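Q: how does the following fold in three dimensions:
(3 chains)
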Amino acid sequence: MTQSRRDMLRQLAALAGVGAGASLFNLEAIGQEAKDPRFLIVLCASGGGSIIDGPLALRESESANPSTVNCFPDSLVTGWSGSPFRAVDLSSDAIGPIPAPFSVKPSDFFGRRREDLMVATLTGTSVNHQVAQRRSITGNEAWRGRTLQELVAWQYGADAPIPNVHLVAGMGFNDSGTDASVPTYARRQIVADPLVWPLSLDGGRGVQGGLSPEVLAAVRGHRDNQFEPKTRFDQIFKSSPRLAEWKNLRGAPQAKIEDLDLITRLMLAPDGGNFPLGEYGLGSSPSGDAVRAVFPDYATDPLHAQAALAFLLLKYRVSVSVTLGPNFSFVFKEGGEATNGLPENSVLNPPLAFDFSHQGHRAGQAVVWSRLYQIIDGLMTLLKAEDFGDGTSFWDRTMIYVATEFGREKTRPSGAQEWGTGHDLNNGVMVFSPLVPGDTLLGGVDPDTGLTYGFDPVTGDPDPGRETAEAEIFAGLLGALDIDTSGSGLPSVPAMRRA
Amino acid sequence: MRANLLLPSPRSRWGLGGAIGLSLVGWFAATTGNTQPTGPASFCEVYPDAPACASGEVACTACHTTPPSLNLYGADVAAALLPDQERPLSSELYTAHLGEALLAVESLDSDEDGVTNLDEILGGSSPSDAQSTPAPSSCVDEEDDGWSLCGYDPQYAYKKVMLDFCGRSPTIGERQAFAEAKNPTSALHNALDECLDSEHWRGKHGRVWNLANRKIGPLQAIKSGKDVGPIPLADYDDDYAYFVWTQTDGRDVRLVLTGQTFVSARVDGGVTVYEEWDRTPDEDFELRGYDRYQAVVKERRAGMLTHRWFLMSNTMFTSVPRTTAAQAYRAYLGYDIALLEGLNDVPGEPADYDSKGVGEAACAACHATLDPLTYPFSRYEGIGGGVGDSYSYSANRLNGFTDVDGELVAETPEAGVLFGEPVEDLIEWAAVAANSEAFRRATVLDYWKLLLGEAPRATEQAEFSRLVRDLGGDHGYSVELMLHDLIDMEAYGAP
Amino acid sequence: MRPDLLLRGLTRALLTVAPLAALVFSSGCGGDEYATVSAKARVNAKSGSVWGRDLANGLGLQEWELCSELGAYDCISEAHRITLGGVEPTVLGIDEPLPNASVSAPIAVDRVATSACGLRFDRDKAGGAAVIFGPVLKKDNDRAREDVADTLVRRLLARESTKAELESLVALYDTLAPISTDLTRDGAVGMCVIVATSTEALFY
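A: Numbers count the residues shown, from 1 in each chain, chains lettered A, B, ... in the order given. Model prediction:
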């Protein structure tokens, strides 16, 4: 349902002091912001990605409890002088109980990308997947239940046809916010299949025996303005919010989508094979070759398809916020030679993604993190190469926030190299962006326990006596994205913003 | 025990809302006892005759958008509630003075629609929504257009029944025949009877089947049986078939928790046929193999709660399977503990038998309810970790977890507590659950939301409450009889 | 007021006083007394499969032949499944229809209707017993257009048409005349798309 300016301002007045974000209600300001956007990519580390199995990995030699804390043989841990980050290159012949050999080398990735990486430690508040996922994007309802994605879409997406797109569904990371004052255009749009979805972005092209664009436009207009108002059904239910929403979508939002030729621009499949585009008067995206080169498994790996489309959505200014990530489905790459069990590196996503750690913590974490690093790497490559139009790149104004619901238990059976872990509130998050301090760790890790500790939100100095709250991470991310949070009551976390 | 009849709303501990929300937070932080909000009941103590109070409590959305955020009316109430008192208010102050605040804003018109808050409350409309005003005292439907807008419209209801249950609109011929029927009510119920047998309603992947999606949580990647996934662990088709069977043909819907047989679904000539079966684990193993057999012996079965998929996907490798119990509580009783619903602390709990640290104050707020709720589930094996066969019942199951969870875990009792009532085991848990008002309410709410597209409105609470009551009374726990009653209601049949 | 209508009104008023408690939560009965709009203003959206079934039944087609993208992906059950209100719980984790309409849903609906109406027209033209468009294929004049419009309303909305509706549908031809290269087809298919994608066809 559209919301009038009067209604928005009325709610603002009625809820004064509860959190306005003055410029979010200033239509002129929003128009200006749309011309100088920031882009948010929320990459979901679904199932509970442990930060100490990623860039905060511990060496056995550092810990007073090397055999019972989750730490790694020193020989496996790569570090860089002056950098707080590590990487663990790991191989094994199984992923927990799955006879699937794997070999991952995140040191390559971190070696190249750590300059744009900030890790901030935090302690969450829920061990329930759905609830904790939601809290990772709302700061635990820190600002009237608004999500990060909605806020970015609200401030920067007024001109974008579909500002807030979710390429993965069914998780708390995809939740809608609960603040009715968030405008409709900023709310999430779910895209179920990145390959086929672009076909829903034009009413006539590619339809066999369809109508010409001019005729279709005339038909639509006649329906909306002549026929429908004369039906008794439409008259009787004219106050229905659902009908109002539908009619609104048929207007400006539809026009924006079709005018941009998104059926072509977002078509990441090439012409041929399962997608005989040319036979239907359609074509592949002009950027198709570039994204397919970076994400070659787009046809078989759902996350590659999501990432490819995510880039196109940003490049063509369709969206300013895109959410993607693995769900809990098992993703397996066919082909390859199997010597013992499945072929090496054929398991792309174990069942339950990071939550497979219940069965096989070390391997599950390694495999899924590796997959996410590959996605981040590819997106950064594409965004850095894409000119925003003012001499800067898209990357210069983008943030990849690796959201996860919680960490994992820090201890292991004595000397175990593989074991199962439950959920643990104590963790940290990765943020890749030139908008945050690079090669920087906010907070720290106690090597004797594996627990992370917090930081001073202003100076960024580590503070072992402190734990960072979800709301602080939420506020810090918004600050780095230059979202107007005035009047929100959110904490100030300038440490998360690059000077 | 407080029930939220509308969609569960997140209750945040980061209270940035008005006084009501802040007091909620303050109250939560101040006590590790019962953490239920008292506002809904307090409202109905002041306005017992309000239509929205038909069930004894008003929905949270009377004052909130999503707690703690306030709507227009709630903001006025918050401003009138002890304005000179520092925030957050204690639970005691809030509860003691909320009534005064409600009375103080009665004469206001919070949504500026020309109707005072009091008139809206008593008239059944929303004092925070300018689009909502009480109906005038008389209604005349003058237009001779085939629509009856002043109340129940049988033609309108007939079309809805066809679409909802048969999955298609009536043809013009069918509509004309209905219009000419001597007894429209009888014709309507005949149509419903016919449509309740349609594939659209009861078939595989039909409406009732899909109602179980959130309860079962299927994942094709680990499915066994037909359409097998790459790592077959269990077959959720058994769960779906059983669920649909319990909801159809006049069966006692309580069987969804208490039944001790299984059901298969096969499609024969385009028609899904549900067949009840009862095999021992050994017999089922012989017939269907390791990947699919149901491993719980008959006397230990409790409907959906002991189906293999449920145990596999929820219990997995956990000694004290809190996720399993929470999912049962959520799916079949309508309480989501993660959203602080259905909390009913048990003194002395949580005992933290598996040493997970749930006794900390912040954790105990929920775990004082969740842990004793869970104990009866702890004898049912998940994928592994215990002592018995996967997915079976093992009285000594927890002995298998002492290495991982400590010696104390073996002392976890099988007896637990549900709704404040001690239960000896899961069979008793299921019986208490199935005979509870919460179960009836959750069952009716499932169908209400499916057919009406939303939770009951304030003015529909009375009809909804009657359905909940009658499901266990006149309807004899038959979903189909309940549906026959539902389609006769104004909520369903008035345009 | 005509006496018979007055009597009818009074009778209805007496009969409807009792259940009035349910008629709240909206702008009431369109004013002080006379009911012209729904008090509840609540509609359900037909799922894609249900709307498709109605479309197929109305057009005399099979559901599977209504529309397929690139000749390979059924529009309703595959390509636009979620967009059109379907679910996919086992792989995508979409357990329930999306609570709000997707931004591309109206576009997808137009695609399906255009394909299906076009197929019906082409089949009627190809020979055999025409189901809907026979009159305009025989002789494309106002009378034939009105016949087709009436058939479309009766078949797709399962009710009698009104004069105003027929007039508005036939008026489409005037709008299309300057821009169409095949007015007979465009007008006929256009009327079909209009009815098939009207709010009455999509909601209930």
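
Q: count of neighbours near the residue of chain C found nearest chain A?
A: Distance from chain A to each residue of chain C (CB to the nearest CB) is smallest for C:Gly93, at 2.6 Å. Every C-beta, even on glycine, is put in place using the N, C-alpha and C of the backbone. Residue crowding around C:Gly93 was assessed by other CB atoms under 10 Å in any protein chain shown; the count is 20.

Q: what's the answer for A:Lys333, then?
A: A:Lys333 has 14 nearby residues by other CB under 10 Å.

Q: now do the closest residue to it other than its chain neighbours against A:Asp355, distance only.
A: Closest residue to A:Lys333 apart from its sequence neighbours, by CB to CB, 6 or more residues apart in numbering or on different chains: A:Ser346 at 4.8 Å. Using CB to CB, to the nearest Å, one obtains 20 Å as the distance from A:Ser346 to A:Asp355.

Q: what does B:Glu286 give?
A: From B:Glu286 over to A:Asp355 (counting by CB to CB), the distance is 34 Å.

Q: among those two, which residue is more densely surrounded?
A: Counted by other CB under 10 Å, B:Glu286 and A:Asp355 do not tie: A:Asp355 has more neighbours, with 23 against 11.

Q: verify the stated contact: that one with A:Phe328.
A: Yes: using CB atoms under 8 Å, A:Asp355 is in contact with A:Phe328, at 7.1 Å.

Q: anything in contact with each of those two?
A: A:46-47 (CB atoms under 8 Å, 6 or more residues apart in numbering or on different chains).

Q: what residues does the stretch 151-300 of chain A put near chain B?
A: Proximity of the stretch 151-300 of chain A to chain B is confined to A:178-180, A:232, A:236-237, A:239 under the rule CB under 8 Å from any CB of the partner chain.

Q: from these, which is closest to chain B?
A: A:Thr178 (3.6 Å).

Q: run a quick neighbour tally on that closest one.
A: Neighbours of A:Thr178 under the rule other CB under 10 Å: 21.

Q: the longest helix anywhere in chain A: what's the following helix or strand?
A: The residue-count maximum for a helix in chain A (DSSP state H) belongs to helix A:361-384. For helix A:361-384, the following helix or strand on the C-terminal side (DSSP states H and E) is strand A:398-404.

Q: neighbouring strands - and their directions - for the helix or strand just after that next one?
A: Following strand A:398-404 in sequence order, the next helix or strand is strand A:407-408 (DSSP H and E). Here strand A:407-408 is paired, per DSSP bridges, with strand A:423-424 (antiparallel).

Q: contacts for the strand it pairs with next, please.
A: Contacts of strand A:423-424 (CB under 8 Å, 6+ apart): A:48, A:50, A:127, A:132, A:405-410.

Q: give me the mean pLDDT for it.
A: Here strand A:423-424 scores 90 as its mean pLDDT.

Q: what does stretch B:176-189 give?
A: Stretch B:176-189 comes out at a mean pLDDT of 96.

Q: buried stuff in it?
A: By neighbour count on 16 or more other CB atoms under 10 Å in any protein chain shown, the buried set for stretch B:176-189 is B:178, B:181, B:187-189.

Q: give me the subset of those residues that lies in helices.
A: B:178, B:187-189.

Q: pretty sure the residue nearest to A:Lys333 contacts A:Ile98?
A: No: at 10.1 Å, A:Ser346 and A:Ile98 do not qualify as touching, with contact defined as CB under 8 Å.

Q: endpoints of stretch A:108-124, how far apart?
A: 30 Å (CA to CA, to the nearest Å).

Q: sorry, wrong one. I was asking about stretch A:349-360.
A: Rule used - CA to CA; the end-to-end distance of stretch A:349-360 is 13 Å.

Q: then stretch C:115-135?
A: OK, stretch C:115-135 end separation, CA to CA: 21 Å.

Q: near chain A at all, that stretch?
A: Yes: against chain A, stretch C:115-135 shows contacts by CB under 8 Å from any CB at C:115, C:118-119, C:122.

Q: returning to what we had before: mean confidence score for the longest helix of chain A?
A: 98.

Q: pop the domain breakdown of chain B in here.
A: B:19-123, B:154-195, B:207-434, B:437-493 (automatic domain parsing).

Q: can you put those domains in a markdown table and add distance to chain A?
A: Output for these, formatted as a markdown table (distance: least, CB to the nearest CB, whole Å):
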| stretch | distance to chain A |
| --- | --- |
| domain B:19-123 | 4 |
| domain B:154-195 | 10 |
| domain B:207-434 | 3 |
| domain B:437-493 | 8 |
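
Q: out of those domains, which is closest to A:Glu418?
A: domain B:207-434 (13.3 Å; CB to CB).

Q: centre of the chain versus the closest one, how much separation?
A: 17 Å (CA atoms, centre = their mean, to the nearest Å).

Q: chain center to stretch A:216-224: distance?
A: 37 Å.

Q: what sits up against that stretch?
A: Outside stretch A:216-224, the residues that reach it (CB under 8 Å, 6+ apart) are A:203-204, A:210-211, A:247, A:250, C:110, C:114, C:168, C:171-172, C:175-176, C:179, C:190, C:193-194, C:197-198.

Q: try 7 Å this time
A: A:203-204, A:211, A:250, C:172, C:175-176, C:179, C:190, C:193-194, C:197-198 (CB atoms under 7 Å, 6 or more residues apart in numbering or on different chains).

Q: with stretch A:132-143 instead?
A: With CB under 7 Å, 6+ apart, stretch A:132-143 has contacts from A:19, A:42, A:124-126, A:145-149, A:171-173, A:175, A:177, A:403-406, A:470-471, A:473-475, A:488, A:490, B:10, B:12, B:14.

Q: sitting in strands, which of the residues you listed do you find?
A: Using DSSP state E, the subset of the contacts of stretch A:132-143 located in strands is A:42, A:403-404.
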